[in-house]
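Student: pasting the sequence and the predicted model now:
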Amino acid sequence: CSYGFLDVVFHHIADTHVAHHLFSYMPHYHAQEATEAIQKVLGDYYARDDRNVFKALWQDYEACCIVRPDKEDQEVYWYTN
């Protein structure tokens, strides 16, 4: 995801979020460098979302699935949206 021109304001937290979760104590000013290294190590396993953050939020909200039990005290669950 990207905040567009606001990426600089938010210290690139959207496009360096994986590095943030792996190394939460790392200063933000090393996050882009760490992200590049992580992408090289993980290769195709690195999940990336290039959508604009606002478009991503809306699309994910629209596709959100709800999990609810069939009946109380049963272990049967239904996935709906």
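Tutor: Cool, the structure landed.
Student: hey, let's count contacts and neighbours off CA atoms from now on
Tutor: Will do.
Student: for the chain, which helix is longest?
Tutor: Secondary structure of the chain read by DSSP state H shows that its longest helix is helix 31-42.
Student: CA atoms of the next helix-or-strand element following that one as PDB?
Tutor: Next helix or strand after helix 31-42 toward the C-terminus (DSSP states H and E): helix 53-62. What follows is helix 53-62, C-alpha atoms only, in PDB (Å, rounded to 0.1, in the frame of the first residue of the first chain):
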ATOM      1  CA  VAL A  53      -4.200   2.700   0.800                       C
ATOM      2  CA  PHE A  54      -7.700   4.300   0.500                       C
ATOM      3  CA  LYS A  55      -8.700   2.100  -2.400                       C
ATOM      4  CA  ALA A  56      -7.400  -1.000  -0.500                       C
ATOM      5  CA  LEU A  57      -9.400  -0.100   2.600                       C
ATOM      6  CA  TRP A  58     -12.500   0.300   0.600                       C
ATOM      7  CA  GLN A  59     -12.100  -2.900  -1.400                       C
ATOM      8  CA  ASP A  60     -11.200  -4.900   1.700                       C
ATOM      9  CA  TYR A  61     -14.200  -3.500   3.500                       C
ATOM     10  CA  GLU A  62     -16.400  -4.400   0.600                       C
END
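Student: quick one: distance of helix 53-62 to the chain centre.
Tutor: Counting by Cα atoms, centre = their mean, to the nearest Å, helix 53-62 is centred 12 Å from the centre of its parent chain.
Student: ok, the following helix or strand past that helix: who's next to it in the sheet?
Tutor: Sequence-wise, the next helix or strand downstream of helix 53-62 (DSSP H and E) is strand 66-69. Counting by DSSP bridges, the strands paired with strand 66-69 are strand 77-80 (antiparallel).
Student: contacts for the longest helix of the chain, please.
Tutor: For helix 31-42, the surrounding residues in contact (Cα atoms under 8 Å, 6 or more residues apart in numbering) are 12, 16, 18-20, 46.
Student: buried ones in it?
Tutor: Neighbour counts over helix 31-42 (16 or more other Cα atoms under 10 Å) mark 31-32, 34-35, 38-39 as buried.
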